[in-house]
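Asks: this one's structure only:
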């Protein structure tokens, strides 16, 4: 399964690219001591690489912020996922512990500077499409207490039945990764100004870390 970007979105954002990856046969756990050790190593690298002051001039994060403003999302309130994770560790706060698979690709997101979306393949129906939301569509994101009614015009991803993400910053509750997930689809969420090579590195790192701590095998799309 891959992602089709509909013509209306392509016309408005011709340089937007998204790369996909898939891992089958994973075993997701609540935690893993070896992953926690690796997490500490990644955090140490991040703290050597960045400062809070330097993040504002990082070209990748600037590209995300520019895109957020274009889609009418305030990036100071909804930060790009990779930047938000890096800011947490630079402030001395722990990374969120979700499960071994989500924790693994969050580390890849930090290392690559790219936002990652992930979906349980068994909860997807039909192909994925990136499009503009229709007024009145309803979306329940991970961690949201109540569904949100969209104004229309938001960049979203849908399968054949439902919305699965508001791009590129919120995945849906109904297709999220859980301890029961065995087959996962990953998206490296690009925006204009981010080269495709960076997206490819993000997918490679995400799959490498997932297989290392959750098992499974990469499936070519």
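Replies: That came through, no problem. Since the model is a prediction, treat every value here as computed from it, not as a measurement.
Asks: the closest residue to residue 114 other than its chain neighbours - how many residues pack around it?
Replies: Closest residue in space to residue 114, ignoring its immediate chain neighbours: residue 202 at 3.8 Å, by Cβ to Cβ, 6 or more residues apart in numbering. Every residue, glycine included, has its C-beta placed from N, CA and C. Look at residue 202: counted by other Cβ atoms under 10 Å, it has 28 neighbours.
Asks: tell me the confidence at the residue most central in space within the chain?
Replies: By Cα atoms, centre = their mean, the chain has its centre lying nearest to residue 116, at 2.1 Å. Note on residue 116: pLDDT of 98.
Asks: next one: residue 124
Replies: The model's pLDDT for residue 124 equals 97.
Asks: surely it touches residue 164?
Replies: Yes. Contact criterion Cβ atoms under 8 Å: residue 124 and residue 164 qualify, at 6.9 Å.
Asks: quick check: neighbours shared by those two?
Replies: residue 175 (Cβ atoms under 8 Å, 6 or more residues apart in numbering).
Asks: re the thing from before, what's opposite the residue nearest to the centre of the chain in the beta bridge?
Replies: Counting by DSSP bridges, residue 116 is bridged to residue 188.
Asks: got a list of what it touches?
Replies: 81, 82, 105, 106, 108, 109, 186, 187, 188, 189, 202, 206.
Asks: ok, residue 183 to residue 28 distance?
Replies: Look at residue 183 and residue 28: by Cβ to Cβ, to the nearest Å, they are 11 Å apart.
Asks: where in the protein is pLDDT low?
Replies: Counting by pLDDT under 70, the chain has low-confidence residues at 1.
Asks: name the single longest helix found in it.
Replies: helix 196-214 (DSSP state H).
Asks: contacts for it?
Replies: Outside helix 196-214, the residues touching it (Cβ under 8 Å, 6+ apart) are 17-21, 23, 26-29, 32, 34-35, 38, 60, 100-101, 103-105, 107-109, 111-114, 116, 184, 186, 188, 190, 216-218.
Asks: the more surrounded of residue 124 and residue 164?
Replies: A direct count of neighbours by other Cβ under 10 Å for residue 124 and residue 164 places residue 164 higher, at 26 against 19.
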